[in-house]
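Trainee: Sharing a model prediction with you, sequence too.
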Amino acid sequence: MTNRRIEHHPVLGDLDAKSTVTFQFDGRTYEGREDDTIASALLASGVRTLRKHEESGNPRGIYCNIGHCYECRVIVNDVPNVRACLTPIENGMIVESGKVQPSPLHPENEGPLPRTYAEYRKWEEKQNE
Amino acid sequence: MTDIIICRCEEVTLGDLQETAKKYKCSARELKLRTRAGMGICGGRTCRPAVDKVLMDATKENPTDAIPLKVAPPVRPIVLSKLGGVADDK
Amino acid sequence: MSKQHDVVIIGAGPAGLSAAIELRKNELNVVVLDEFPRPGGRLLGQLHEEPTGEWWNGIKESNKLLAEAERLEANIQCEVSVHHIEKVTDGFSVHTSKGLHHAKNVLIATGAAESAAPIPGWTLPGVMSIGAAQVMTNVHRVKVGEKGVIVGVNVLSAAIARELQLAGTDIHSMALPVENIVSENESNPKKVMERLVRIAHLAPSAFIKFGSKFAKAEFVRNLALRFYPRGGIKMWGMPIHLRKAIKQINGTDKVESVTFVNVTPDGDIIEGTEETVECDFVCIAGGLYPLAELAAVIGCPFQYSTELGGHVPVHNEAMETPVDGIYVAGNITGIESAKVARDQGTVAGISIAKALKEDESLNGKLLEAMETVRATRAAATIQFHPHIDEGRAKVSAAYEQL
């Protein structure tokens, strides 16, 4: 796995030791430093793509890295729209990338999701079986 | 060139903006409403200066002191439950 | 669950922290809110050499401010996003992702955001704003890639290009984006040349140092552009191109290469001169603009000033806005250096303290602090815009008229 960590720097000095944090991204395990954000830990391991655009499916990664653009939004422990660039990693964190969403403009993408309340009740019962 | 995405959130291209501005001779607000530029999750933070420029070029008007596009709260996405909404009707 | 304070400060950058320090010295109750996981704002990532040879180390400078703020027991809360400010009977209600805060006064010190300079392919993973590269490199200590290209030649991108090099990141070159409606100022070689002379003193290259003395005259700049080397002029060993521009960024799932094309001094493409360069990251530098959304929400009027970076909330030298109880400080007032932001924060702190305590004896300190801002501005080594003073005068005049 790539390691892009800047251990030594001619002016900023050497990185001080920090404890390792382990988390998951899209089912794979990654390690980072205690003070990493989700975005920096993933980039240090060579991961750039954080989500697919909800409509087009185009791959997206960080753009502004300071919480303004929301391009880095990921799902953290089931909570969506969390900015990877602002969120420190924690042990056991489960992070998922955003996928393409169903759209009335692209009915072929819809899949088996229910479209009316009646269908939803049937679908819910099936889930609970 | 017209294929360049200007509003990243909604994937609105330069061509979309220029054609709409020309066809409807509209204000910034109307351009936003018609194309969705500036209405994505980032609230226009990334594309606002670019959209303003396209409009300035289309209308040949200089920027005024007032902000072309109104800024409405919430300026960060917030879940309804935090705004006081109830999570579940059950 | 809401908390009551004398002042809520939005933004824990140099302006917000300096204001907090002054307010705490005056024994006022403050809370500083910031959405980034640590305080320091964009000062954290800064790193450049001053003409004296000393390093301006943003992490060290932030730590100085932070230490003082903590010594004075300022309440600083990170990872908090502010989404609304509302006028209520006895002041303001500040709505955040972690609850409400109430205060008689609010200081909006939210800094700046980056303007985009869109070119084809700029949404690919691996393309990021120049500020993103600074934060990733100096704050998170992660290399943004193996080899990259910087699109947009200006004071900020030159400074950050140097920072990337210092961290061992290979920069192939810096170039302008091919001209389009949106990036007009950043893609026209003549306009860029005009601005380059202001960072000339940072360049070890003899050519630029020599040239900058004559570059005040437009015809000289035009000559310089006509004879500008095809291979670019090197600054810190890195070519800066003004006669080659970047047409597009290529790749399927992430950045794989960029396409250069030769351009005339006016920025027009010379057909058939395309050249592909492999790289794995691209930084876009379109300039900064004041991030004043919260000022707009609370009803602050604006003044447009290209010198200051765009729409600026109207304010006076004491950092007061026409909205009673709302103050601004830092880059939200106009794009300048961190030192100016810090000194403006000090002014805002004293200004608010004077108003809240109804203490006229603070007037002397206030005037002194305002003079410090002017002195810091005059002594600036890096100027983002040559006519900052004019911009400031415009805004002050707008305040007086209201």
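Mentor: Here it is on my side, so go on.
Trainee: which residues in chain B form strands?
Mentor: B:5-7, B:12-13 (DSSP state E).
Trainee: Kindly report the same for chain A.
Mentor: Using DSSP E, strands in chain A cover A:20-25, A:28-33, A:51-52, A:59-60, A:73-76, A:79-83, A:94-97.
Trainee: how many neighbours does the nearest residue to C:V282 once chain neighbours are set aside have?
Mentor: Computed as C-beta to C-beta, 6 or more residues apart in numbering or on different chains, the closest residue to C:V282 that is not its neighbour in sequence is C:V127, at 4.6 Å. Every residue, glycine included, has its C-beta placed from N, CA and C. By other C-beta atoms under 10 Å in any protein chain shown, the residues close to C:V127 number 27.
Trainee: Around the closest residue to chain B within the stretch 251-400 of chain C, how many other residues sit close by?
Mentor: Of all residues in the stretch 251-400 of chain C, C:A296 sits closest to chain B, at 3.8 Å by C-beta to the nearest C-beta. Residues lying near C:A296 (other C-beta under 10 Å) number 20.
Trainee: would you say it is within a helix?
Mentor: Yes. C:A296: assigned to a helix according to DSSP: H, G, I helix; E, B strand; the rest coil.
Trainee: Poorly predicted segments of the chain, please.
Mentor: All of this refers to chain A. Residues of chain A meeting the criterion pLDDT under 70: A:1-2, A:106-113.
Trainee: actually chain C
Mentor: The model of chain C has pLDDT under 70 over residues C:1-2, C:197-216, C:381-384.
Trainee: Now do the helices in it.
Mentor: Ranges of helices in chain C, per DSSP state H, are C:14-25, C:58-71, C:130-134, C:155-166, C:184-187, C:189-196, C:206-214, C:218-226, C:293-297, C:338-357, C:363-378, C:388-401.
Trainee: out of those helices, nearest to B:D52?
Mentor: Among these, the nearest to B:D52 by C-beta to C-beta is helix C:184-187 (12.1 Å).
Trainee: Briefly note if that closest one comes near chain B.
Mentor: Yes. Helix C:184-187 is in contact with chain B by C-beta under 8 Å from any C-beta of the partner chain, via C:E184.
Trainee: Give me the contact list for that helix.
Mentor: B:53, C:117, C:152-154, C:176-180, C:191-192, C:245, C:267, C:285-287 (C-beta atoms under 8 Å, 6 or more residues apart in numbering or on different chains).
Trainee: Narrow the residues you listed to those that are buried.
Mentor: B:53, C:117, C:152-154, C:176-180, C:192, C:245, C:267, C:285-287 (16 or more other C-beta atoms under 10 Å in any protein chain shown).
Trainee: quick one: which of those residues sit in strands?
Mentor: Reading strands off the buried ones among the contacts of helix C:184-187 with DSSP E, I get C:L176, C:P177, C:A245.
Trainee: Closest to chain A out of those residues?
Mentor: Closest approach to chain A among these (C-beta to the nearest C-beta): C:P177, at 15.7 Å.
Trainee: Grab the most central residue of chain A for me.
Mentor: The centroid of chain A falls nearest to A:V74 when counting by C-alpha atoms, centre = their mean (3.3 Å).
Trainee: Quick check, that one in contact with A:C85.
Mentor: No. A:V74 lies out of contact with A:C85 (C-beta atoms under 8 Å); the separation is 9.9 Å.
Trainee: quick one: common contacting residues for these two?
Mentor: Contacts common to A:V74 and A:C85, judged by C-beta under 8 Å, 6+ apart, are A:I38.
Trainee: now the helices for chain A?
Mentor: Under DSSP H, chain A gives helices at A:38-44, A:117-128.
Trainee: got these as TSV, with distance to chain B and mean neighbour count columns?
Mentor: Output for the helices of chain A, formatted as TSV (distance: least, C-beta to the nearest C-beta, whole Å; neighbours: other C-beta atoms under 10 Å in any protein chain shown):
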stretch	distance to chain B	mean neighbour count
helix A:38-44	16	27
helix A:117-128	12	10
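Trainee: what's near enough to touch the residue nearest to the centre of chain A?
Mentor: If you count contacts by C-beta under 8 Å, 6+ apart, then A:V74 has A:F25, A:I38, A:L50, A:R51, A:V82, A:A84, A:V95, A:E96, A:S97, A:G98 around it.
Trainee: Skip the chain neighbours and tell me the closest residue to residue 29.
Mentor: No chain was given, so I picked chain A. Nearest residue to A:T29, sequence neighbours excluded (C-beta to C-beta, 6+ apart): A:T22, at 6.1 Å.
Trainee: Oops, wrong one, chain C.
Mentor: Once flanking residues are discounted, C:N29 sits nearest to C:D6: 4.4 Å by C-beta to C-beta, 6+ apart.
Trainee: What count of nearby residues applies to the closest residue to B:G38 other than its chain neighbours?
Mentor: Once flanking residues are discounted, B:G38 sits nearest to B:G44: 3.5 Å by C-beta to C-beta, 6+ apart. If you count neighbours by other C-beta under 10 Å, B:G44 ends up with 21.
Trainee: mind listing what B:G44 touches?
Mentor: Counting by C-beta under 8 Å, 6+ apart, B:G44 has contacts B:C7, B:K32, B:A37, B:G38, B:V51, B:L69.
Trainee: Contact residues of the stretch 151-300 of chain C facing chain B?
Mentor: So the stretch 151-300 of chain C meets chain B at C:N180, C:I181, C:V182, C:E184, C:G286, C:Y289, C:L291, C:E293, C:L294, C:A296, C:V297 (C-beta under 8 Å from any C-beta).
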